[in-house]
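A.B. asks: Got a predicted structure plus its sequence, pasted below:
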Amino acid sequence: MDVKKQYFDLLKDKIEEAYDKQAEKLTQIAALFGEAMNAGGIVQLFGVRHGEEFVNELNYRAGGIALYHALRLKDLVLKEKIDQKDIDSGKIYADISVADRFAEIYDLDDRDVYCLVSFYGNEPLVVELARRAKEKGQKVVAVVNKKSYDAVKGTLLEYCDLWLDMDSRDPDLALDIDGTCVGQLSSTVSNVMAQMLTAEVYKYFIDHKMEAPVLLSANFKGADVHNNSLTDPYGRRIR
Amino acid sequence: MIDAKRFKDEMKALLDELYETQKDNIEKTAGLIAGCIEKGGVVHVFGSGHSVGLGIDIKDRPGALVPIHIMEMSDFVTKGGVSVEEFMDKKNIFERKPGVASKLYDLYDIKPQDVFIVISNSGINGIVIDIADLAKKNGHKVVIITSMKHTLAEEPRHPSGKKLYEFGDIVIDNCGPHGDALLETEGVAKVCSVSSICNNCIAQSMAARVIEILKEDGFEPPILTGDEKHDAEMKKKYEGRA
């Protein structure tokens, strides 16, 4: 069979499976986010390595909810707080002081909740972000690959109120081309879960008779005015 | 009613449409890239905003091709002499600027056999169009990934009056709707965007086919395997290029 078709078919099966296994949790997480947003909070997002794709899928996204903010290592590089080579080598994820650097450059608020994405859930930095949030009584949601998390004895979930499972193979290799294993599904399935979460957060707003703060594509005529009207009241907290 | 199930169902239907309408363009792209890699070439991937996700998804993981180079927007600041203030200015959005792309393009070691993939959902912003234009003018093949529904519905922003797809040797339509959001609501805005999911699917299926073609041609695919020694050697081979 055409290898391209094989990939598309595997992805669709995996999307169906993700829905079957995670739908209930998605509704619970949407309620947690919706409650925080309704109380003046936003959702702070952080992703380890490819986990950043999930973050990008929620943060300032066309057709997405406006009340998210991404904690980005790239922002720390631009502001000369950390070195790009420590991101490339992965060393940065072992440095818990990066949590302080984030606090220096962003306007973080005690009403915020956290959504932390890590395949293994064992990197000291992501665990530290969760620990600090918990210490302040803030809610924490995680997205991990549970099989891999268990294998490396991760600790992230000890600080989390709710979590999603990427439910991916480890290593994440979907296709066997004559003995060569290729093709990743986990990030794309995670992106689908992020969009399912967006649908559920939107539903939370509608069910509670509130207007959902939905962003328009920035490449849509007139979108800048609409989008700024949603984010400006939050000042530096969102963008 | 908007909920997770509705998104899941509509997304799966869109993936069917994407495969049926774009499989030939993905196949042509895979052939182009396999040929480029067999000649020692590198694929330069550029997308601004959320479009950068396509490059990230097919790089730096077991099973991934090594000769993929992501042209990072942040390189404008870290290597290209653009100030943080200009780069992050909310009133004068950087990705829309024409005439600055060469500050990025000129940073890299680009060889004649290299191929470019330029991604933009709207295909109307300055920098992506200028990167595609520079690559074409330097004799490279250019693959464009865009939403044809979106790009055809918007006015061009580029001084040339052109849109990104006009620079493509191959154009892959990610089949996303105008505005990127899939689900109609009772209000003005639609919700749940699809471009990252469609773009990843295009990239992953294309990369798998590239590896298959390389194997058919008897060329060892330059991929990461998770074996430390093998991966270090493979990265060394493309050091400074990818």
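C.D. replies: Thanks, I have it.
A.B. asks: any idea how far B:Glu154 is from the closest residue to chain A within chain B?
C.D. replies: With CB to the nearest CB, the shortest gap between chain B and chain A falls at B:Ala181, namely 2.5 Å. Where you see a C-beta, it was placed from the backbone N, CA and C, and this is true even at glycine. Going from B:Ala181 to B:Glu154 by CB to CB, to the nearest Å gives 15 Å.
A.B. asks: When the two are compared, which one has more neighbours?
C.D. replies: Taking neighbours as other CB atoms under 10 Å in any protein chain shown, B:Ala181 and B:Glu154 compare with B:Ala181 leading, 27 against 17.
A.B. asks: I'd like to know how many residues surround the residue lying closest to the residue of chain B closest to chain A once chain neighbours are set aside.
C.D. replies: Of all residues not flanking B:Ala181 in the chain, A:Gly63 sits nearest, at 2.5 Å (CB to CB, 6 or more residues apart in numbering or on different chains). By the measure other CB under 10 Å, the count of residues near A:Gly63 is 26.
A.B. asks: Next, the contact list for A:Gly63, please.
C.D. replies: Neighbour list for A:Gly63: A:198, A:214-217, B:179-183, B:189-193 [criterion: CB atoms under 8 Å, 6 or more residues apart in numbering or on different chains].
A.B. asks: got it, and B:Ile124?
C.D. replies: Going by CB under 8 Å, 6+ apart, B:Ile124 touches A:Asn219, B:Thr151, B:Glu154, B:Glu155, B:Pro156, B:Arg157, B:His158, B:Lys163, B:Leu164.
A.B. asks: how about 7 Å then?
C.D. replies: By CB atoms under 7 Å, 6 or more residues apart in numbering or on different chains, the residues touching B:Ile124 are A:Asn219, B:Thr151, B:Glu154, B:Pro156, B:Arg157, B:His158, B:Lys163.
A.B. asks: what about A:Val141, which SS state?
C.D. replies: strand (DSSP: H, G, I helix; E, B strand; the rest coil).
A.B. asks: give me phi/psi at the closest residue to chain B within chain A?
C.D. replies: Of all residues in chain A, A:Gly63 sits closest to chain B, at 2.5 Å by CB to the nearest CB. Backbone torsions of A:Gly63, given as degrees, to the nearest 10, read phi 70, psi 10.
A.B. asks: name the element the residue positioned nearest the centre of chain A belongs to?
C.D. replies: Central residue of chain A (CA atoms, centre = their mean): A:Val55, 3.6 Å from the mean position. In the assignment (DSSP states H and E), A:Val55 maps to helix A:52-58.
A.B. asks: Neighbouring strands - and their directions - for the helix or strand following that helix?
C.D. replies: Downstream of helix A:52-58, the first helix or strand assigned by DSSP H and E is strand A:68-70. Partner strands for strand A:68-70, per DSSP bridges, with pairing direction: strand A:43-47 (parallel).
A.B. asks: Spatially nearest residue to residue 214, not counting backbone neighbours?
C.D. replies: Using chain A. Nearest to A:Val214 is B:Ala189, by CB to CB, 6+ apart, at 4.0 Å.
A.B. asks: that's the wrong chain, I meant chain B
C.D. replies: Nearest non-adjacent residue to B:Leu214, counting by CB to CB, 6+ apart: B:Pro221, 4.5 Å away.
A.B. asks: For the one you found, give me its contacts.
C.D. replies: Counting by CB under 7 Å, 6+ apart, the residues that B:Pro221 touches are A:Thr180, B:Ile211, B:Leu214, B:Lys215.
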